[in-house]
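[1] take a look and give me a structure for this.
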Amino acid sequence: MIFSMTGFGTSKRAFRDKILTIEIKSVNSKSIDIRIRSPFNLREKEHLLRKEVAETAVRGKLDVTLELSSTNSVPVGLINEDLLKSYIDSIKPIAEETGLDTSGIISSLLRIPEVLSSGNNEIDESDWTIISATLDDALDRFQKFKNEEGTAITKDLVNSVSAIEECMDKISQYEDERIDRIRERINGSLEDFLPAESIDKNRFEQELIYFIEKIDFSEEKSRLTQHCKYFKEVIAIDENSKGRTLNFISQEMGREINTLGAKSYHSDIQRLIVVMKDELEKIKEQTANIV
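    All right, here's what the predicted structure looks like:
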């Protein structure tokens, strides 16, 4: 199972005669980065909240927003009038210059946590029970979203790896022709500079065999085959976090594909290498979005 790092989840519950909404969003990141916006003074509970979110998300840059609103979805609480006025004073000249419609600007500004705070922002255990249950529900929906994205990514990854494997199978049909062309090319170049009777055939064959051994890519093909097999095995493993492993394997695949291209000396094989590199780029783009 693969989980995408891109996710969204939200949940609502009744709270102090109002509506508590918890919203979780995430985007790609190399590590875990959690930003929490809350009208409450969470104190030691913030650690528990962060811990639960981190254990679920594993990786990604996350925004966790807790918001109180009335039944008509307008945020409620105490207004910081000075801060609200400063925002309005900053926006007014821009609106006049650009003709911006400011009819709904107040409701938008009231959604900024610093502008609006709840009257009593201290929480007790009963409050935390509600917050925790709402968070659990939001995280469940968040994980479901990431799983659905991950399912689509898995399909794309398997298709790309299979395309690389198919290209490797096609390379085999050109290998004998490749050696013959290399032999003819070297022999022709040599005859252009030296008369045929002055060429030591035995020495020429020895040097040719040495050169062909240098450009032999059977080991690269074998390693690339193993990398592709391992990539699919990791995808199938029942773990939540495998993005780093898949990214590392894709780097190893890239090294082997580049070496194959450098040793190919055959136009049809080069075309297959281009297809393999294109599929590898797709793999790298997708693994960057995996937990």
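[2] make it CA atoms for all contacts and neighbour counts henceforth
    Will do.
[3] give me the low-pLDDT residue ranges for the stretch 51-200 of the chain?
    70-78, 113-114, 116-121, 189-199 (pLDDT under 70).
[4] spell out, range by range, the strands that occur in it.
    Along the stretch 51-200 of the chain, counting by DSSP state E, counting those that start in this stretch, strands occupy 60-69, 78-79, 116-117.
[5] as CSV, those with distance to residue 37 and mean neighbour count would be great.
    Below are the strands of the stretch 51-200 of the chain laid out as CSV (distance: least, CA to CA, whole Å; neighbours: other CA atoms under 10 Å):
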stretch, distance to residue 37, mean neighbour count
strand 60-69, 5, 21
strand 78-79, 16, 14
strand 116-117, 11, 21
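[6] for these, which one sits closest to residue 243?
    strand 60-69 (11.2 Å; CA to CA).
[7] show me what that closest one is packed up against.
    In terms of contacts (3 or more CA pairs under 8 Å, 6 or more residues apart in numbering; DSSP states H and E), strand 60-69 is packed against strand 18-27, strand 32-37.
[8] what is the orientation angle of it with strand 32-37?
    20 degrees (axes from the mean of the first three to the mean of the last three CA atoms, to 10 degrees).
[9] about what we covered before: with distance to residue 269 added, can I get the strands of the stretch 51-200 of the chain in CSV?
    As requested, the strands of the stretch 51-200 of the chain are exported to CSV (distance: least, CA to CA, whole Å):
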stretch, distance to residue 269
strand 60-69, 39
strand 78-79, 69
strand 116-117, 65
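[10] follow-up on the earlier one: ranking the helices and strands packed on strand 60-69 by burial, who's on top?
    strand 18-27 (a mean of 20; mean count of other CA atoms under 10 Å).
[11] name every strand pairing with that strand and say which way it goes.
    strand 7-15 (antiparallel), strand 60-69 (antiparallel) (DSSP bridges).
[12] got those as CSV, with distance to residue 173 columns?
    Shown next, in CSV, are these (distance: least, CA to CA, whole Å):
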stretch, distance to residue 173
strand 7-15, 45
strand 60-69, 44
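[13] which one of those lies nearest to residue 265?
    Relative to residue 265, the nearest member of the strands paired with strand 18-27 by CA to CA is strand 60-69, separated by 43.1 Å.
[14] now what about that closest one, what contacts it?
    Residues from elsewhere that reach strand 60-69 (CA atoms under 8 Å, 6 or more residues apart in numbering): 5-6, 18-39, 75-76, 118, 291.
[15] if we can go back for a sec, mind putting the helices and strands packed on strand 60-69 into CSV with mean pLDDT and distance to residue 43?
    CSV is the format used below for the helices and strands packed on strand 60-69 (pLDDT from 0 to 100; distance: least, CA to CA, whole Å):
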stretch, mean pLDDT, distance to residue 43
strand 18-27, 94, 18
strand 32-37, 94, 12
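[16] save these as JSON lines, and put in distance to residue 217 too.
    Formatted as JSON lines, the helices and strands packed on strand 60-69 follow (distance: least, CA to CA, whole Å):
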{"stretch": "strand 18-27", "distance to residue 217": "40"}
{"stretch": "strand 32-37", "distance to residue 217": "41"}
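[17] for the strands paired with strand 18-27, which one sits closest to residue 177?
    strand 60-69 (49.2 Å).
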